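Undergrad: Next comes the sequence, and after it the predicted model I'd like to discuss.
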Amino acid sequence: MRRICVVSGNRSDYARLKAIMAAIQAQRDLELTLLVIGAHLLPDFGTTVEQIRRDGFPVFATARTIIEGEDPASMSKSIGLGVMELTTLFDAVAPDIVVISGDRFEILSAAVAASAMNIRLAHLQGGEVTGTFDESVRHSVTKLAHLHFPATEGARERIIRMGEAPEQVHLVGCPSIDIIAKLPEVDRARICGTYRLDPIEPFLIVVQHPVTTEFQEAGDQMCLTLQAVEEVEMQGVMIYPNVDAGSERMVRAIRHMEQANLLRRIHKYKHVPFEDFVHLMRHAAAIVGNSSAAIREGSFLGTPAVNVGTRQHRRERGKNVLDVSYDTYAIREAILQQVDHGPYPSDRLYGDGAAAPRVAQILSTSELGPLQKALSY
């Protein structure tokens, strides 16, 4: 039996890992061990470790790996602290394979610790391109990983061009699409009632995170988006930014607008469970900001999306996405255009809803190859 250690550090990677963990549990010859670190343990970001427990996944151990500051120095120190904490936990777990997802700085800690300890590493969603520090993290993890599970054909090709052995690069799709494909639709009135929305009126979802290479402008960038949302005069749900450098500036911008008696129709939340987020996206007139969810899950759901700024630069996207710069007028006009357009056809660019069983089967049966990696060209 192979022991699979899954490491989750934030709400976004948990949305991808949730289906994977369920598939691992269903695989008789795999044993799941879950480590929860990072933003999952922070009250300011919803203490989402409790959501993981409510979902029925036993947590083997937690580790506090985030150093306060929300600036590049605190991010760098958090990566180092994560390496130290996870080294201790990996030593206790003794896994055959460590599984991580995405491109957030927390996963770099897991990748470095596992590699230094001669533990094989499996990485979900490598090979993608964006315009931020996250891309550097993603490609760094690719070079440390032994098994690769990209979501798109383009991502698969990039991983192979990076010198990874083609037989270890498995195109599976995005596992969050698995959850969406199997999730029964919820009545509009019900989900609107849960989030204090009038079900008769259209509503927006607002999710904007810092661009770590532009963290000093994060507050101003948030203000530009929120001013556009205010001018559109629609109700909406806003989810607070993640823990990256610049998030504190964004939160201050939100509070400043609240003190100015603005955004009264926008209901704000530290965290929204993924299933609720999907239900909201199914019924939203548009999603605004720079979250990858607007591109990944949004393409499958056909949710009209307004992508602001550089955070998702060059990421593969479907027809549901309209890109705009940091400009209030441009953002407002794009929102109005997308609301007027309405839902888009579903696009399977990021998967068909069967990624998780594919990953579990490969984790169970794959020839893992040597620990020492080599360029394939």
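TA: Nice, thanks for sending it over.
Undergrad: quick one, what contacts residue 312?
TA: Residues near residue 312 by C-beta atoms under 8 Å, 6 or more residues apart in numbering: 130-131, 290, 292, 295. The C-beta positions use only the backbone N, C-alpha and C, and glycine is treated the same way.
Undergrad: quick one: which of the residues you listed has the most company?
TA: The residue in these with the most neighbours, by other C-beta atoms under 10 Å, is residue 290 (26 neighbours).
Undergrad: I'd guessed it sits against residue 308; true?
TA: Yes: between residue 290 and residue 308 there is a contact under C-beta atoms under 8 Å: 5.3 Å.
Undergrad: Overlap of the contact sets of those two?
TA: Residues touching both residue 290 and residue 308 (C-beta under 8 Å, 6+ apart): residue 208.
Undergrad: so where do the strands sit in this protein?
TA: Along the chain, counting by DSSP state E, strands occupy 2-8, 30-37, 61-63, 97-101, 120-124, 147-149, 203-207, 235-239, 266-269, 286-289, 305-308, 321-324.
Undergrad: Show me what the fifth one packs onto, helices and strands only.
TA: With contacts taken as 3 or more C-beta pairs under 8 Å, 6 or more residues apart in numbering; DSSP states H and E, strand 120-124 sits against helix 11-26, strand 97-101, helix 105-116, helix 133-144, strand 147-149, helix 355-365.
Undergrad: Looking at the ones you listed, spot the one closest to residue 190.
TA: helix 11-26 (21.1 Å; C-beta to C-beta).
Undergrad: tell me what the closest one is packed against?
TA: Using 3+ C-beta pairs under 8 Å, 6+ apart, the elements in contact with helix 11-26 are strand 2-8, strand 30-37, helix 49-54, strand 97-101, strand 120-124, helix 175-182, helix 274-283, helix 355-365.
Undergrad: Tell me which of these sits nearest to residue 320.
TA: Closest to residue 320 of the helices and strands packed on helix 11-26, according to C-beta to C-beta: helix 274-283, at 10.5 Å.
Undergrad: Not counting the closest one itself, show me its contacts.
TA: The contact list for helix 274-283, computed with C-beta under 8 Å, 6+ apart, reads 11, 14-15, 18, 176, 179-180, 183, 185-186, 188, 191-192, 194-195, 203, 205, 237, 239, 272, 287, 293, 297-298, 301, 303.
Undergrad: of all the helices and strands packed on strand 120-124, which lies closest to residue 264?
TA: Nearest to residue 264, of all those, is helix 11-26, at 26.1 Å by C-beta to C-beta.
Undergrad: Identify each buried residue in that closest one, please.
TA: Neighbour-count burial for helix 11-26 flags 11-25 (criterion: 16 or more other C-beta atoms under 10 Å).
Undergrad: Quickly check those for the two that are furthest apart.
TA: With C-beta to C-beta as the measure, no two of the buried residues of helix 11-26 lie farther apart than 12 and 25, at 21.5 Å.
Undergrad: Pull the contacting residues for the spatially closest residue to residue 49 that is not a sequence neighbour.
TA: Leaving out its chain neighbours, the residue that sits closest to residue 49 by C-beta to C-beta, 6 or more residues apart in numbering is residue 40, at 4.4 Å. The neighbours of residue 40, taking C-beta under 8 Å, 6+ apart as the test, are 8-11, 14, 47-49, 52, 62.
Undergrad: and the closest residue to residue 299 other than its chain neighbours, what is it in contact with?
TA: In this structure, residue 299 finds its nearest non-sequential neighbour in residue 318, 3.5 Å apart by C-beta to C-beta, 6+ apart. Counting by C-beta under 8 Å, 6+ apart, residue 318 touches 295, 298-299, 344, 347, 349.
Undergrad: Would you format those residues as CSV with distance to residue 152 and pLDDT included?
TA: As requested, the contacts of residue 318 are exported to CSV (distance: C-beta to C-beta, whole Å; pLDDT from 0 to 100):
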residue, distance to residue 152, pLDDT
295, 11, 96
298, 15, 97
299, 11, 96
344, 18, 98
347, 11, 96
349, 6, 95
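Undergrad: Just the buried subset of those, please.
TA: Buried by 16+ other C-beta under 10 Å: 295, 298-299, 344, 349, out of these.
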